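*Asks:* turn this into a structure:
(chains A, B and C)
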Amino acid sequence: MTTTHPRRRRAALTAAILSAALVLTACGSSDDSSDTSSDKTAAKTDETHTVKAGNGDIKVPNAPKRVVTIGNTDLPFIDMGGKPVGVTGVEESELSLLPEDQRATYEKATDLGDEVDLEKVASLKPDLILVQIPDAEFKKIEKQLEAIAPTAFWGLDTEWRTLADSIADAGNVKDALDSQKADYEARIAEMKQKYAGLIKNTKFVNLDRYSSSDPGTFVIADIGCVEIAQEDIGLNFPKAAAGADPLAYTSLPFEQLTKLSKYNVITYPADAKGQPTEAFAPVVQTNTWKELSTVKSGDALGVFCPGNNSYGAVLRYLASLDTALASLPAAKQ
Amino acid sequence: MSTRSGLDPHAGSSRTASSPGTRRVDFGRRVLVLRRRKVAVRLDWRAVIVCAVLALAIACMAVLALMTGSYQLSPGEVISALTGGTTGLAHDIVVEWRLPRVAAALVFGAALGVSGAVFQSTMRNPLADPYIIGFSQGSYTGALIVILLVNGTYWQLAGGALIGGTAAAVAVYLLAYQRGVQGFRLIVVGIGISAMLGSLNTWLILKADLDKAMAAAAWGAGSLNGVSSAQVTFGAACVAVLLVLAGMSSRQMRQLELGDDAAAAQGVRVSATRLRLIVLGVALTATVTAVSGPIAFISLLAPQIGRRLTRAAGITLAPAALVGALLCLTADYIAQHIAPTPLPVGIITVMLGGGYLGWLLITEARRHL
Amino acid sequence: MTDLALGRPVGPDTRTVPGPRRRLIGLAVALAVLLGLLVASMMIGSTAIPPTVVWDALFHPSKDIDQFAVRDFRLPRTVVGLVVGMALGVSGALIQALTRNPLADAGILGLNAGASFAVTVAVGLLGIRDIQGYMWFAFGGALIVTLTVLVLGSTRRGQSPVMMVLAGLCVGSVLMGAGSALQLTNPDAFDVMRSWDAGSIVSRPLDLLWPTLPFFAIALVLAFAVSGPLNAMALGDELAVAQGVRLVRTRIIAIIALTLLAGGATAIAGPIGFVGLMVPHVARWIVGPDQRWIFAYSALLAPILLLSSDILGRVVMRPGEIPVGIVTAFVGAPVLIALVRQKKASGL
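*Replies:* Below is the predicted model:
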């Protein structure tokens, strides 16, 4: 599984609502996303500031030295150059999408398990705990975690940009975040200009298949990385009606592939090399897919989505999308 | 019901029934008779010794569980935390984390043991446990709905599990009711309802976010992780009341073991008694399930192991409760220490249960055949 | 923990049993219904494909994408539903006859747990992700577990039904626990397994099915071959021996047949529960205790339940679908409960 991991769905869902405000003009760029600002600030560890989190205003140290990340906070924190001392389980399929240095950082941290070993957390002697897990799960361990160290929690429906801001604020990696944000905004602006024609005239559809998808089914995915293409760049992808469940919640049988001819361009999940992901491969192997006019004309694009809950991952998605769009017959003209 | 399996609980007569013994009866084994005022309790020496040994084993296991964990604490630190000499993290870890967990394992293990004993007597089936009437799948459905759809709090989860389980059990009972409840029909209806709820559960898990699905699955396996002292206190209070009620019903239970007709001949109102016992058994399981999820196999194993240890003819409650507590405590200890990261206790109890059956096959059943 | 009613012997049925003529008519009706469902399964789907296109897809093939949809998606699931249904039905009847337990199914011998554990290992530890890969693991797991159960459940005097069920419960529980432990510590495996656990007959390419057909055919022949001796054994081992039945040979043949059938079905479709339990049970209510008739009815009724569930799963959430393994219980359980309320329990 590569793109739009189900655990990210909720976070991705709300992205649409808040994203527009964040598309700003570019202001310089720097590719150095792995700087650890915790050393630079040279703040005394006993100085604290307040962070807004899902569990209230939390007093956290200005320069936390030993951060434990639980749930979905791990990869965004690492993406911003953070070096957690303890992490919870991340799927191999997701780890394999990380750049090598980030993966190394992840693997250096102590694994706390999926059913969080609280005593292990305590024995790591953290000075900050960052948590994003289901609310009910957090309620169960909230008091225990707070007894160990200041604990900042965000619910699963926290929008990823908000989460990144909060994590950066709490975990003292703001500089890296600022530089990533600048890169992101520059890229969006550039792509908007470059693909103005496609944005106006082309009907896109984004397909996906997850490891847990019923056999013989796919989805028209309107959540995940595609939301960035849709909301921030402005490409015309189908979208669920307001208030309704996302289209991606309905698994469509392969028969429905025959209905895809009405779109000009199909995007589907691919790995870093552009090959269809393992979960999506069964779709590409069907005769119906091979006979689709869109596929035959070269208008089916594999796009790599290494995650949609941190700027670094999103930037890599945008790079892949850029390459794919540039290869379209329509874009070449 | 075949007696060849070596599991048959109703192969003998009632033994420890408390009756003002006037006539001398040869029980074929040494008994301890306690007379106090007008009540006399006849206890089996072997049962007394077995219970004492079990209690000792439980105490040792509890001390071990309190002393060890991934956070290193010396025995001295643990003792000073328990006696109130320490504050701060060490105190929290011992008193707020380890102690409730040990207490939960003890109380819930005992509750499951008694619940299983009640069911096995009532159904006259050594492999009967409250799960056959759909309670387990129903409570899982309730919990899944709270975890996956409502995103509810802990107490909502407990409530959802209770409501789901009870609704399923009531549905099974009502659907099986036709001028009384006949055991076999109850089992068939239970299978049908369980199958439907099981499918629904699979569907809910399949359609959920992975994180929530895994949290739900851990609950579904039965887990004592993060049990708080408030939850244990609440659970223990419920269990205590139910255990007293179960103790009061133990006589009718043994009469039911002899068969419906024999029980009726002794003046037992069979259908009403059976319903009361089933409700009692389900309530015990429900309490545990609400707090920790369905911990499998203890209710099945504890009464059988207890019977085997005391060499009793029927199911008796006290050994079942003690074995249940010991099993649950040990399983939870293994679950926390066997893998690099902790597992739900239910996974260990399932494997222990399988192992026990294997042992049974290799030794006892083989001899009987 | 539902199928635990052990050791209740399938006694001779005391109710009046329909005569051979009525049983044959019933069989013909079942066959007609099954044929109707096969046609319906080709016609009904998520998209509206005209009957003429379905016809052409089968008999005048071209490269039309609708035709591909019929040939590649509807035809395989129909054939798989037929084969898997028959296998599940007959294997269920075999297990119930063998264990003399009217509520037994493949799960009771630990077969599903074995297949599921093997697939979990393949997915979680070996990183195998495509169905072609882990299908064989499922089959191997089912095979090994059944053999283990056979050995564990044997005594010097042969196999005892009660002991085999206990052995199945034993092996099944241990594997279930180990499988859950693996899944709960490996989110990737959990993700794949929650889909596999649902049970589905979709997206199983036919070229995967063809090589397994001879095994299914052999197993079916074996099953019907032992149905007579199993009849005799229903009255007790001693009586059967007196009638010249060779107990050990019958049991071993029955176990080989049921392993091939249930193991093969589970390997192809995942653990589709309930069919193997309910169908032979209902068949027994219809035709009485004669195993030959139970087997024949099960072979037809099971694919009827499976295909009608599959078709229902395609239409209730259009354009989405529900996997057949989820639907069968919802179609079957109400029928079972209605029947058990109508029949006198002594007739079981």
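
*Asks:* okay, CA-based contacts and neighbour counts for the rest of this
*Replies:* OK.

*Asks:* what about the stretch 51-200 of chain B, any weak spots by pLDDT?
*Replies:* For the stretch 51-200 of chain B, the stretches with pLDDT under 70 are B:125-132.

*Asks:* can you tell me the element B:Gly85 falls in?
*Replies:* Using DSSP states H and E, no element contains B:Gly85; it sits outside every helix and strand.

*Asks:* and for A:Ile266?
*Replies:* Applying DSSP H and E, one finds A:Ile266 within strand A:265-270.

*Asks:* what packs against that strand?
*Replies:* Here strand A:265-270 touches strand A:204-208, helix A:293-296, strand A:300-304, going by 3 or more Cα pairs under 8 Å, 6 or more residues apart in numbering or on different chains; DSSP states H and E.

*Asks:* what does chain A put close to chain B?
*Replies:* A:6-9, A:111-117, A:119-120, A:122-123, A:133-137, A:139-141, A:144, A:147-148, A:212, A:249 (Cα under 8 Å from any Cα of the partner chain).

*Asks:* in helices, which of those residues fall?
*Replies:* Per DSSP state H, helices hold the following members of the residues of chain A next to chain B: A:9, A:119-120, A:122-123, A:135-137, A:139-141, A:144, A:147-148.

*Asks:* whatever helix or strand B:Leu243 lives in: what's the following helix or strand?
*Replies:* Assessed by DSSP H and E, B:Leu243 sits inside helix B:229-248. Downstream of helix B:229-248, the next assigned helix or strand under DSSP H and E is helix B:250-257.

*Asks:* right, so the helices and strands packed on strand A:265-270: which one is the most enclosed?
*Replies:* Of all the helices and strands packed on strand A:265-270, strand A:300-304 has the most neighbours on average by mean count of other Cα atoms under 10 Å in any protein chain shown, namely a mean of 26.

*Asks:* just confirm A:Ile58 is within a strand.
*Replies:* Yes: judged by DSSP: H, G, I helix; E, B strand; the rest coil, A:Ile58 forms part of a strand.

*Asks:* isn't it up against A:Thr50?
*Replies:* Yes: counting by Cα atoms under 8 Å, A:Thr50 is a contact partner of A:Ile58 at 5.4 Å.

*Asks:* of those two, who's got more company?
*Replies:* Taking other Cα atoms under 10 Å in any protein chain shown, A:Ile58 and A:Thr50 do not tie; A:Ile58 has more neighbours (18 against 14).

*Asks:* beta partners for that one?
*Replies:* A:Val51 (DSSP bridges).

*Asks:* for residue 117, the count of nearby residues, please.
*Replies:* Since no chain was named, I'll use chain A. Burial measure for A:Asp117: 22 neighbouring residues, criterion other Cα under 10 Å.

*Asks:* not quite, I wanted chain C
*Replies:* Count around C:Phe117 with other Cα under 10 Å applied: 27.

*Asks:* my read: it touches C:Gly141, true?
*Replies:* Yes: taking Cα under 8 Å as the definition, C:Phe117 is a contact partner of C:Gly141 at 7.1 Å.

*Asks:* circling back: what's downstream of the strand holding A:Ile266, the next helix or strand?
*Replies:* helix A:281-284.

*Asks:* got a pLDDT number for the closest residue to A:Leu177 other than its chain neighbours?
*Replies:* Using Cα to Cα, 6 or more residues apart in numbering or on different chains and skipping residues adjacent in sequence, the residue nearest A:Leu177 is A:Met80, 5.9 Å away. Looking at A:Met80, its pLDDT stands at 92.

*Asks:* correct me, but A:Met80 touches A:Ser166?
*Replies:* No: if you go by Cα under 8 Å, A:Met80 and A:Ser166 don't touch, sitting 11.8 Å apart.

*Asks:* more neighbours: these two, which one.
*Replies:* The residue with more neighbours, out of A:Met80 and A:Ser166, is A:Met80; 31 against 20, by other Cα under 10 Å.

*Asks:* just give me the neighbour total for A:Asp245.
*Replies:* 11.

*Asks:* and it, how far is that from chain C?
*Replies:* Counting by Cα to the nearest Cα, to the nearest Å, the gap from A:Asp245 to chain C is 13 Å.

*Asks:* assign that residue to helix, strand or coil.
*Replies:* Secondary structure, three-state DSSP: A:Asp245 is coil.

*Asks:* which ones are touching it?
*Replies:* Shown in contact with A:Asp245 (Cα atoms under 8 Å, 6 or more residues apart in numbering or on different chains): no residues.

*Asks:* flag every residue of the stretch 101-250 of chain B that's near chain A.
*Replies:* B:147, B:151-154, B:206-212, B:215, B:218, B:225-227.
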